[in-house]
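A.B. asks: Generate a structure from the sequence data that follows.
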Amino acid sequence: MAHVEFRTSPAKYRHWRLSTDGPVATLAMDVDEQGGLVPGYELKLNSYDLGVDIELYDAVQRLRFEHPEVKAVVMTSGKEKIFCAGANIRMLAASAHSWKVNFCKFTNETRNGIEDATENSGQTYLAALNGTASGGGYELALACDRILLVDDRSSVVSLPELPLLGVLPGTGGLTRVVDKRLVRRDLADYFSTKSEGIGGSKAVGWKLVDEVVPRVRWQEVVSERARDSASSATRLGGGPAIELTELAKDRADDSITYAHVSASLDRDRAVAEITVTGPSAGAPASMDEACAQGAAFWPLAVARELDDLILDLRTNETEIGTWVFKTAGDAARVLAYDELLLAHYDRDWLARETVLYWKRTLKRLDVTSRSLIALIEPGSCFAGSLLELALAADRSYMLFGVFEDVDPDAVPAAITVGPANLGPLPMANGLTRLATRFLGDAVALAAAEKSAPSPLEAEEAEKLGLVTFAPDDIDWDEEVRIALEERASFSPDALTGLEANYRFAGPETIETKIFGRLTAWQNWIFYRPNASGPDGALRAYGTGKRADFDRKRV
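C.D. replies: Numbering: from 1, shown residues only. Prediction:
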């Protein structure tokens, strides 16, 4: 596969049209049939591939930062009588398994981001289905707060993956139908086995959509519902819009470099060493000053860079299985930026959006199928929001003391628990990473939280359970080397399962179901011959031949 770039802008869109009218924005899907990300398929009937989804993700982000005046977003189609036919089948049939997995994961994350905007940002999404929405098209509608379907006796909603393709709705369809739309499970079972779909009053009665609207009143009703949503949405005030300027990024064969984030790629060891640099100056005195910095505002800039790096590595470097996180800088400055954002979280839109962006980026890290290891050394700034990187890691190593042969007079490494670790950056399970770490141990959790905001050196951090190991400088290199080599020797498939299980301890939520249970099922089904084999349903689709299924249940 060719290298995939996630940076884009509305001027480069081929598949979406974004327009605004006061508090209402419209995202119209008008897919260019010849605009596939890779050759070999046509994107007919508003079907989509990763390239279409990259533009959608960019649009959702820009609405949050570049259009703070928008309170309602109407998602609709630019084509007549078709909303979206879902993921392109030819693309799926021809793609490698890893490509399918990353495609489904990224699409899920974007749809979760749409729901997050509705829940936390005062930007309510409405799906205006001006034609049939099938498969991933209906799943896109399910991410919206309200679904309107045109009533023209032909337009329906459907999840036809099982009967037609031998797979499942892999971007949250099954979960959202029963857990979000609250469709009765026997009706959901029937719906998901009927490729022809359901429309009209039955779709409303079964809770598959909220409203069906005659075509003659379509534009009028959609406009009314959008205005109603905008009038009831609560969007915080604050400064002017922030333009998300193109990220400055230098990508070489063995490195990826941004202003505050860098990655060194060692393909021989299958390791990416990622360094996040703390702020070079103190926090602004106010959110007005932060707003004046625009996209260069340190927490926003780092979130954007880390977000792009995760996507780049996850998609383009599939054989680099271990990511090592380091930080460098002044911990006190990191905590000062956290304090500024959290003090204004409930009254300034930019403060809230920046915190929410951090939350989504850390969640993207959580669901990434890579081994995550944090190395905490002298000069690190794992504090507050940046401490979340270490708490997200599968393992963390913190140097006891200093490197005597390098700088015996250095200040020993320290970590600092701050307010950012105590609630505003929850995982998909709804818990903080600290609460997940100390699940079922209220005493240990309370002790860790009580340590804030004092810097903790290695002995105390290990005692509180905030790091995994604290070797001294004699053992440091050897212990880290063994950990990385051991990780590279294991089965990547088994590691992915292991990590996903351990990262999401605690309560089950819609998000954990989608990324854990459903994604695992979908990935397994995609891999099976009944779906992807030479006689499987994906390859048979459109040929007139029936799939040849292995009938054994496993």
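
A.B. asks: in the stretch 401-550 of the chain, which spans are strands?
C.D. replies: Along the stretch 401-550 of the chain, counting by DSSP state E, counting those that start in this stretch, no stretch forms strands.

A.B. asks: At which residues are the helices of it located?
C.D. replies: 433-437, 442-450, 458-463, 476-489, 492-503, 510-512, 519-527, 529-532, 537-540 (DSSP state H, counting those that start in this stretch).

A.B. asks: Tell me which helix or strand Lys105 sits in.
C.D. replies: Using DSSP states H and E, Lys105 sits in helix 97-120.

A.B. asks: packing partners for that helix?
C.D. replies: Judged by 3 or more Cβ pairs under 8 Å, 6 or more residues apart in numbering; DSSP states H and E, the packing partners of helix 97-120 are helix 50-66, strand 124-129, helix 136-142, helix 298-316, helix 349-366, helix 519-527. (Glycine included, C-beta is placed from N, CA and C.)

A.B. asks: For the helices of the stretch 401-550 of the chain, give me JSON lines that also has mean neighbour count, mean pLDDT and distance to Trp349.
C.D. replies: As requested, the helices of the stretch 401-550 of the chain are exported to JSON lines (neighbours: other Cβ atoms under 10 Å; pLDDT from 0 to 100; distance: least, Cβ to Cβ, whole Å):
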{"stretch": "helix 433-437", "mean neighbour count": "21", "mean pLDDT": "98", "distance to Trp349": "26"}
{"stretch": "helix 442-450", "mean neighbour count": "14", "mean pLDDT": "98", "distance to Trp349": "28"}
{"stretch": "helix 458-463", "mean neighbour count": "18", "mean pLDDT": "98", "distance to Trp349": "36"}
{"stretch": "helix 476-489", "mean neighbour count": "14", "mean pLDDT": "97", "distance to Trp349": "41"}
{"stretch": "helix 492-503", "mean neighbour count": "15", "mean pLDDT": "90", "distance to Trp349": "31"}
{"stretch": "helix 510-512", "mean neighbour count": "21", "mean pLDDT": "94", "distance to Trp349": "24"}
{"stretch": "helix 519-527", "mean neighbour count": "18", "mean pLDDT": "78", "distance to Trp349": "32"}
{"stretch": "helix 529-532", "mean neighbour count": "20", "mean pLDDT": "88", "distance to Trp349": "44"}
{"stretch": "helix 537-540", "mean neighbour count": "22", "mean pLDDT": "87", "distance to Trp349": "44"}
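
A.B. asks: Looking at these, which is nearest to Leu142?
C.D. replies: helix 510-512 (10.6 Å; Cβ to Cβ).

A.B. asks: What are the contacting residues of the lowest-mean-pLDDT helix or strand in the chain?
C.D. replies: Counting by mean pLDDT, DSSP states H and E, the chain has its least confident helix or strand at helix 519-527, which shows a mean of 78. Applying Cβ atoms under 8 Å, 6 or more residues apart in numbering, the contact partners of helix 519-527 are 97, 100-101, 104-105, 108, 166-168, 170, 497, 500, 531-532.

A.B. asks: go on, stretch 489-509?
C.D. replies: By Cβ under 8 Å, 6+ apart, stretch 489-509 touches 321, 366-367, 369, 371-372, 392, 394, 427-431, 435-436, 439, 487, 512, 515-516, 520.

A.B. asks: where's Arg528 relative to Ser491, distance?
C.D. replies: To Ser491, Arg528 is 18 Å away according to Cβ to Cβ, to the nearest Å.

A.B. asks: When these two are compared, which one has more neighbours?
C.D. replies: Set Arg528 next to Ser491 and count neighbours by other Cβ atoms under 10 Å: Arg528 wins out with 15 against 9.

A.B. asks: Need the pLDDT of the residue nearest the centre of the chain.
C.D. replies: Note on the chain: the residue nearest the mean C-alpha position is Glu109, at 3.3 Å, using Cα atoms, centre = their mean. Note for Glu109: predicted pLDDT of 96.

A.B. asks: Name the nearest residue to it, sequence neighbours excluded.
C.D. replies: Among residues not flanking Glu109 along the chain, Arg364 sits closest, at 5.8 Å (Cβ to Cβ, 6 or more residues apart in numbering).

A.B. asks: correct me, but that neighbour touches Asn108?
C.D. replies: No. Between Arg364 and Asn108 there is no contact under Cβ atoms under 8 Å: 10.3 Å.

A.B. asks: Of the two, give the one with the bigger neighbour count.
C.D. replies: When neighbours are counted by other Cβ under 10 Å, Arg364 and Asn108 differ, and Asn108 comes out ahead with 23 against 19.

A.B. asks: for Pro455, what are its contacts?
C.D. replies: Per Cβ under 8 Å, 6+ apart, neighbours of Pro455: 331, 383, 414-416.

A.B. asks: Need the per-residue pLDDT for it.
C.D. replies: For Pro455, the model assigns a pLDDT of 98.

A.B. asks: OK, contacts around the residue nearest to Glu109?
C.D. replies: So Arg364 contacts 109, 307, 310-311 (Cβ under 8 Å, 6+ apart).

A.B. asks: Mind jotting down where the strands sit in the stretch 201-350 of the chain?
C.D. replies: Going by DSSP E, counting those that start in this stretch, the stretch 201-350 of the chain shows strands at 211-214, 250-252, 255-257, 261-266, 271-277, 322-328.

A.B. asks: now those as JSON lines including mean pLDDT?
C.D. replies: What follows is the strands of the stretch 201-350 of the chain, written out as JSON lines (pLDDT from 0 to 100):
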{"stretch": "strand 211-214", "mean pLDDT": "98"}
{"stretch": "strand 250-252", "mean pLDDT": "97"}
{"stretch": "strand 255-257", "mean pLDDT": "98"}
{"stretch": "strand 261-266", "mean pLDDT": "98"}
{"stretch": "strand 271-277", "mean pLDDT": "98"}
{"stretch": "strand 322-328", "mean pLDDT": "98"}
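
A.B. asks: Now render those as TSV, adding distance to Gly78 and mean neighbour count.
C.D. replies: Below are those laid out as TSV (distance: least, Cβ to Cβ, whole Å; neighbours: other Cβ atoms under 10 Å):
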stretch	distance to Gly78	mean neighbour count
strand 211-214	18	16
strand 250-252	33	10
strand 255-257	35	17
strand 261-266	36	19
strand 271-277	39	21
strand 322-328	39	22
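
A.B. asks: Let me have these in JSON lines, adding distance to His15 as columns.
C.D. replies: JSON lines is the format used below for the strands of the stretch 201-350 of the chain (distance: least, Cβ to Cβ, whole Å):
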{"stretch": "strand 211-214", "distance to His15": "25"}
{"stretch": "strand 250-252", "distance to His15": "24"}
{"stretch": "strand 255-257", "distance to His15": "26"}
{"stretch": "strand 261-266", "distance to His15": "28"}
{"stretch": "strand 271-277", "distance to His15": "30"}
{"stretch": "strand 322-328", "distance to His15": "31"}
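
A.B. asks: Pull stretch 194-201 out as CSV, backbone CA atoms only.
C.D. replies: What follows is stretch 194-201 as a C-alpha-only set of coordinates in CSV (Å, rounded to 0.1, in the frame of the first residue of the first chain):
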residue,chain,number,x,y,z
LYS,A,194,-32.7,-8.8,6.0
SER,A,195,-30.7,-7.2,3.3
GLU,A,196,-33.6,-5.3,1.9
GLY,A,197,-33.8,-3.1,5.0
ILE,A,198,-36.7,-1.3,6.7
GLY,A,199,-38.3,2.1,6.0
GLY,A,200,-41.4,4.2,6.6
SER,A,201,-43.4,4.0,9.7
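
A.B. asks: just the helices and strands packed on helix 97-120: most buried one?
C.D. replies: Compared across these, helix 136-142 shows the largest average neighbour count, a mean of 28 (mean count of other Cβ atoms under 10 Å).

A.B. asks: For that helix, which helices and strands make contact with it?
C.D. replies: Applying 3+ Cβ pairs under 8 Å, 6+ apart, one finds that helix 136-142 contacts strand 81-84, helix 97-120, strand 124-129, strand 157-158, helix 173-175.
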